[in-house]
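Chemist: just need the structure, nothing else, for what follows:
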Amino acid sequence: MNNKISFKEFMAGAGEIFDKQVTPILSKMYWKSLEPFTDEQCRKAFNLAIERCKFFPKPAELIELIRGSSKQIEQEKDDKALIIANEIMEQARRYSPGHPLKLNDPIAQHLMTSRWPYHNWATTVLESELKWWVKEFCEAYNAYSATGVPMQLEVSERLKSLIKPQDIA
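Modeler: Take a look at the predicted model:
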């Protein structure tokens, strides 16, 4: 946590709600405990503590709330990747390999055009390999999601001259 003003507000608010006097020593100990975490993580932890705790939360409880919400976010990403992988497999089963793959997710679309070209993948993948493909797809999807770097397509200079600059970005 970097923002001392927000931290003092969180501590004062929690003190008011839980009817606890927040002393300078108590505040200093909480500050040290929460220092490794971001302001946003601490804000969420204090809000969750207000919703869930019956007594003024200990630093360990706030840290558990921070780590628990991080795990929940990771679980949601895993779930999203798994849903998309199942959607891809369903389309492959339902339609012929020549039918175009329809995905709303740009990361999945990128993976199914560059890493696993859909037509080739749909015609060669074996049913026995699908569980391993799902695992690999989810790992690749999560890796792309975690980077936060927008995918960029390489375009030849000749094509760049034909396209408006804002279309390339």
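Chemist: thought N3 was touching D39?
Modeler: Yes: here N3 reaches D39: they are 4.9 Å apart, a contact under CB atoms under 8 Å. C-beta: built from backbone N, CA, C; applies to glycine.
Chemist: can I see the domain layout of the chain?
Modeler: Annotated domains of the chain cover 4-57, 74-147 [automatic domain parsing].
Chemist: nearest to G68, of these?
Modeler: domain 4-57 (8.2 Å; CB to CB).
Chemist: hang on, the earlier thing: mean pLDDT lowest for which of the domains of the chain?
Modeler: Here the domains of the chain differ in mean pLDDT, and the lowest is domain 74-147 at a mean of 87.
Chemist: in which helix or strand would I find A108?
Modeler: Using DSSP states H and E, A108 sits in helix 106-110.
Chemist: just checking, next helix/strand downstream of that helix?
Modeler: Scanning forward in sequence from helix 106-110 by DSSP H and E, the next helix or strand is helix 118-124.
Chemist: my guess is F7 contacts R43, does it?
Modeler: No: judged on CB under 8 Å, F7 makes no contact with R43 at a distance of 9.5 Å.
Chemist: who has more neighbours, the two?
Modeler: F7 (20 against 17; other CB atoms under 10 Å).
Chemist: count the residues that sit near the closest residue to that one other than its chain neighbours.
Modeler: Of all residues beyond its chain neighbours, the one nearest F7 is M1 (5.5 Å), with distances taken as CB to CB, 6 or more residues apart in numbering. Per other CB under 10 Å, the neighbour tally for M1 reads 21.
Chemist: cool, M11 as well?
Modeler: 19.
Chemist: gap between it and M1?
Modeler: 11 Å (CB to CB, to the nearest Å).
Chemist: and for K135?
Modeler: Taken as CB to CB, the span from K135 to M1 is 36 Å.
Chemist: just P97 next, same as before
Modeler: Distance of P97 to M1, computed by CB to CB: 53 Å.
Chemist: S128 now?
Modeler: The spacing between S128 and M1, counted by CB to CB, is 50 Å.
Chemist: which of the residues in the longest helix belonging to the chain are buried?
Modeler: In the chain, with assignment by DSSP state H, the single longest helix is helix 59-94. By neighbour count with 16 or more other CB atoms under 10 Å, helix 59-94 contains the buried residues 61-63, 65-66, 80-81, 84-85, 87-89, 91-92.
Chemist: nearest to Y144, of these?
Modeler: Nearest to Y144 among the buried residues of helix 59-94, with distances taken as CB to CB, is A81, at 9.6 Å.
Chemist: surely that closest one and Y141 touch.
Modeler: Yes: using CB under 8 Å as the test, A81 is close enough to Y141 to be in contact (4.0 Å).
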